[in-house]
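Peer 1: Give me coordinates for this.
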Amino acid sequence: MVSYPVELKEESDGTYRVVAPHFPEFETFGETSDDALMHAAFALEEAIAERMAKRQVVPVPLKAVAADHAVTLPAAFTDMLESYWKYNLGTFPPERRE
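Peer 2: Okay, the predicted model is just below:
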């Protein structure tokens, strides 16, 4: 499974905003922290799929990035992402090699 760190912040209006250091274009909101993290899972898949469709770089999650929360991609999406890395980078990212 692939997980990306995200930052969850409570806004002044009581909603929660989620951003991802690996994806500057990524941002989503929710009424509660759980709701925001659920939206983040879907939004992260969309951000990655858009980059893949445009044949752009999809960053490998950095373990060194400190975060209180992480979004884990579903197994089927992880398989697709690993194939993308393999065919566009020529190899799996080092931390994903088996």
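
Peer 1: remind me, longest helix of this protein?
Peer 2: The residue-count maximum for a helix in the chain (DSSP state H) belongs to helix 33-53.

Peer 1: Would you mind pulling the contact partners of that helix?
Peer 2: The set of residues external to helix 33-53 that reach it, using Cβ atoms under 8 Å, 6 or more residues apart in numbering, is 4, 6, 8, 10, 15-18, 20, 23, 25-30, 57-58, 69, 71-74, 77, 80-81, 84. Using the backbone N, CA and C atoms, a C-beta is placed for each residue, glycine as well.

Peer 1: Which of those fall within helices?
Peer 2: Mapping the contacts of helix 33-53 onto helices (DSSP H) picks out 77, 80-81, 84.

Peer 1: got TSV for the residues you listed, with pLDDT too?
Peer 2: Listed next are those as TSV, based on pLDDT from 0 to 100:
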residue	pLDDT
Phe77	93
Met80	92
Leu81	93
Tyr84	91
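
Peer 1: Put together JSON lines for those residues, with neighbour count and distance to Phe42 on each row.
Peer 2: Formatted as JSON lines, those follow (neighbours: other Cβ atoms under 10 Å; distance: Cβ to Cβ, whole Å):
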{"residue": "Phe77", "neighbour count": "17", "distance to Phe42": "11"}
{"residue": "Met80", "neighbour count": "16", "distance to Phe42": "15"}
{"residue": "Leu81", "neighbour count": "20", "distance to Phe42": "15"}
{"residue": "Tyr84", "neighbour count": "16", "distance to Phe42": "19"}
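
Peer 1: can these go into JSON lines with extra columns for distance to Asp34?
Peer 2: What follows is the ones in helices among the contacts of helix 33-53, written out as JSON lines (distance: Cβ to Cβ, whole Å):
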{"residue": "Phe77", "distance to Asp34": "21"}
{"residue": "Met80", "distance to Asp34": "26"}
{"residue": "Leu81", "distance to Asp34": "25"}
{"residue": "Tyr84", "distance to Asp34": "29"}
